[in-house]
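>>> how does the following fold in three dimensions:
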Amino acid sequence: MSKMHLPERVWITEVGPRDGLQNEAKMIATDVKVELCERLLAAGVTNLEATSFVSPKWVPQMGDAAEVMARIPRPAHARISVLTPNMKGFEGALAAGADEVVIFGAASEAFSQKNINCSVTESIERFRVVAQAAKDHGLRVRGAVSVALGCPYQGEVPIADALDVARRLRDLGCDEVGIADTIGVGTAGQVRALFEAVARELPLDTISGHFHDTYGQAVANVLACLEVGVTRFDTSIAGLGGCPYAKGATGNVATEDVVYLLHGLGVETGLDLDRLVDAGQWISTFLERKSNSRVGNAIAAKRVPA
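Next comes the predicted model:
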């Protein structure tokens, strides 16, 4: 495979502090969340998904969103994003000085009904006011198409269904549309076919990939996207996170693993791998478990004197 077919530069959105920590059963102190964000920004992260403005009743782990936002550093070159499922969440994000808000729609009707008790069309309509408010205030909007490569309730998801939601998010005014393999079942061939289809409808530089590593395919799926020309990816430090709907899910693809792949291909990321490994090992130690990053664990093991 010739390097000339790959992008020269890739932009990583680090989602560990939000997508990675939101499902942790043990409550995590605000100090720890803030330090994790500090470590990630110090490692060169310029797109950071820091928290989520959701009801603490539904996601207690994100109940300190405003405090996290108030305390994390704001480097001039960094974009801080937050998940905003409704207008109340948007108002919180606006007050906290977020640079970008994240909205979402499922590619599967079954997933939409099970999770937010409404149809895909209804869910997109709910976000219309959020997207418009964000635009009115000069905020960037990122949309996510969840379960785009497979659904825990209906199984296979037709490309046409994922493409339809991607189009709707684009039409809402999303600056970026993420195609998410929420349960990590996709393989490289499926990923290539889906992203090629999306790229025929949306500008390539507005499409991002979001992969979970449940079946160990996430790094291969990133490579498949690179071959299509995709330059934006969501990753999570230490592979934090997990999909509560997929038994055995190991979470998002690890930032360290993707950066190792990219640097090995000669693709620029602007990220410091050693500092990312430090951050991943630090948060894993705090969570009292081994990191899900193969690269992070391998590099950390080499550092320990024999």
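>>> pLDDT on the lengthiest helix in the chain, on average?
If you go by DSSP state H, the chain has its longest helix at helix 120-136. The pLDDT scores in helix 120-136 average 95.
>>> and Glu256, how far is that from Asp278?
Distance, Glu256 to Asp278, by C-beta to C-beta, to the nearest Å: 10 Å. From N, CA and C alone the C-beta is placed, and that goes for glycine too.
>>> who's more crowded, these two?
Glu256 (32 against 18; other C-beta atoms under 10 Å).
>>> ok so, going back, report all helices and strands that the longest helix of the chain contacts.
For helix 120-136, the contact count by 3 or more C-beta pairs under 8 Å, 6 or more residues apart in numbering; DSSP states H and E identifies helix 87-95, strand 100-106, helix 109-116, strand 140-146, helix 159-171 as packing neighbours.
>>> phi, psi for Asn47 please.
Taking degrees, to the nearest 10, you get phi -120, psi 110 for the backbone angles of Asn47.
>>> how long is stretch 51-69 from one end to the other?
8 Å (C-alpha to C-alpha, to the nearest Å).
>>> renumber starting at 3 from here on
OK, 3 is where the count begins now, so the last one is stretch 53-71.
>>> which residues in this protein form helices?
32-44, 67-73, 89-97, 111-118, 122-138, 161-173, 190-201, 220-230, 257-266, 275-288, 296-305.
>>> follow-up on the earlier one: redo the helices and strands packed on helix 122-138 as CSV? Include mean neighbour count and distance to Thr287.
What follows is those, written out as CSV (neighbours: other C-beta atoms under 10 Å; distance: least, C-beta to C-beta, whole Å):
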stretch, mean neighbour count, distance to Thr287
helix 89-97, 18, 31
strand 102-108, 26, 28
helix 111-118, 18, 32
strand 142-148, 24, 30
helix 161-173, 20, 38
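>>> just so I know, which of the ones you listed lies nearest Gly22?
Shortest distance between Gly22 and those, using C-beta to C-beta, is found for strand 102-108: 14.1 Å.
>>> check contacts around Ala222.
Each residue near Ala222 by C-beta atoms under 8 Å, 6 or more residues apart in numbering is listed here: Thr189, Ala190.
>>> check the gap between it and Asp183 for me.
From Ala222 to Asp183 the distance is 11 Å (C-beta to C-beta).
>>> ok so, going back, residues touching the longest helix of the chain, excluding its own?
Here helix 122-138 makes contact (C-beta under 8 Å, 6+ apart) with 86, 88-89, 91-92, 96, 103, 105-111, 114, 118, 120, 142-143, 145, 167, 170-171, 174-176.
>>> helix 111-118 and that one, what's the angle between them?
For helix 122-138 against helix 111-118, the angle by axes from the mean of the first three to the mean of the last three C-alpha atoms, to 10 degrees is 60 degrees.
>>> list the buried residues of helix 122-138.
In terms of neighbour count (16 or more other C-beta atoms under 10 Å), helix 122-138 has its buried residues at Val122, Ser125, Ile126, Arg128, Phe129, Val132, Ala133, Ala135, Ala136.
>>> what's the spacing between Asp177 and Glu37?
29 Å.
>>> check the gap between Ala201 and Asp163 for me.
Distance from Ala201 to Asp163, by C-beta to C-beta: 17 Å.
>>> meant to ask about Gly152, not that
11 Å.
>>> state the distance from the residue lying closest to Val34 once chain neighbours are set aside to Ser238.
Spatially, and ignoring its direct neighbours in sequence, Val34 is nearest to Phe288 (6.0 Å; C-beta to C-beta, 6 or more residues apart in numbering). Applying C-beta to C-beta, the value for Phe288 to Ser238 is 15 Å.
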